[in-house]
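*Asks:* from the sequence below, what's the structure:
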Amino acid sequence: MIEEILPPPVSAVDTTDDPADAVLLPAEEEAISRAVASRRREFTTVRHCARLALARLGVPPAALLPGERGAPQWPDGVVGSMTHCAGYRGAAVAPATAVRTIGIDAEPHQPLPGSVLPAISLPAERDALTALAAGHPGVCWDRLLFCAKESVYKAWFPLTRQWLGFQQAEITIMDNGIFEARLLVPGPSLTGFTGRWLVRDGLVLTAIAEPVAIT
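*Replies:* Numbers count the residues shown, from 1 in each chain. Below you'll find the model as predicted:
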């Protein structure tokens, strides 16, 4: 599904189960050795997806280890992002010569717990969600906002190596499957991102793929 909201330079693979042929490389086994079974399954499958996506770019299998703040460390010359939630795992990668950064996220299509929305949103965003819900009540717009903010962070961090709080980016969601993110903190030649979203089969998916600027 995730490939539907990513541009052609990006190679993406996702799955809704944990295939039996998904395995870890030795360094990954060591990194996850103390995790519980459910964490091992999602860690394994999302890296299986990532290696399939990398293979489409001609990149040989490599250990994809968690780095700073858990961000995956990609092979040289590659940018990418991973995501997983209950019933879904996905990865997206692209050549760094074509795409500057990628951020993808998946969430269950369910309303956020009551205390979460005020903590992750700005007043203007909450007003916009009310308007969107009035016109399209079948979408959990609060969860979509959370999902979009997660994608923004995943796209931001590889460029800056800095934390980005939920209230440091203002999201504008359009009902045509697009969202805009305006960064409220300085970035490296960057003021925001444009992303896309999809709601299907009980999931909310968001994706950002920032192209390399043509000079």
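*Asks:* which residues in this protein form helices?
*Replies:* For the chain, applying DSSP state H gives helices covering 26-31, 37-56, 116-120, 123-135, 141-160.
*Asks:* right, and those helices - which one's nearest G192?
*Replies:* helix 141-160 (8.6 Å; CB to CB). Quick note: C-beta positions are derived from backbone N, CA and C, even for glycine.
*Asks:* and that closest one, what does it pack onto?
*Replies:* Counting contacts by 3 or more CB pairs under 8 Å, 6 or more residues apart in numbering; DSSP states H and E, helix 141-160 packs against strand 78-85, strand 99-108, helix 116-120, helix 123-135, strand 169-173, strand 178-187, strand 190-200, strand 203-211.
*Asks:* mind putting those into a markdown table with distance to E68?
*Replies:* Output for these, formatted as a markdown table (distance: least, CB to CB, whole Å):
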| stretch | distance to E68 |
| --- | --- |
| strand 78-85 | 15 |
| strand 99-108 | 15 |
| helix 116-120 | 22 |
| helix 123-135 | 28 |
| strand 169-173 | 20 |
| strand 178-187 | 17 |
| strand 190-200 | 19 |
| strand 203-211 | 19 |
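*Asks:* let's have those in TSV, adding mean neighbour count and distance to R39.
*Replies:* Formatted as TSV, the helices and strands packed on helix 141-160 follow (neighbours: other CB atoms under 10 Å; distance: least, CB to CB, whole Å):
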stretch	mean neighbour count	distance to R39
strand 78-85	24	10
strand 99-108	24	16
helix 116-120	14	22
helix 123-135	13	31
strand 169-173	21	28
strand 178-187	15	29
strand 190-200	17	26
strand 203-211	25	20
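*Asks:* mind checking the helices of the chain for the one nearest to T15?
*Replies:* The nearest among those, by CB to CB, is helix 37-56 at 6.1 Å.
*Asks:* gap between the closest one and the chain center?
*Replies:* 14 Å (CA atoms, centre = their mean, to the nearest Å).
*Asks:* tell me the pLDDT of T215.
*Replies:* Per-residue pLDDT puts T215 at 63.
*Asks:* please read the previous query as pertaining to F146.
*Replies:* So F146 comes in at 98 (pLDDT).
*Asks:* any weak-confidence spans in the protein?
*Replies:* Residue ranges of the chain with pLDDT under 70: 215.
*Asks:* the most centrally placed residue in it pairs with what?
*Replies:* Nearest to the mean C-alpha position of the chain, by CA atoms, centre = their mean, lies I104 at 1.8 Å. Applying DSSP bridges to I104 gives these bridge partners: A207.
*Asks:* count of neighbours near the nearest residue to S121 once chain neighbours are set aside?
*Replies:* Of all residues not flanking S121 in the chain, L145 sits nearest, at 6.1 Å (CB to CB, 6 or more residues apart in numbering). Neighbour count of L145, defined by other CB atoms under 10 Å: 27.
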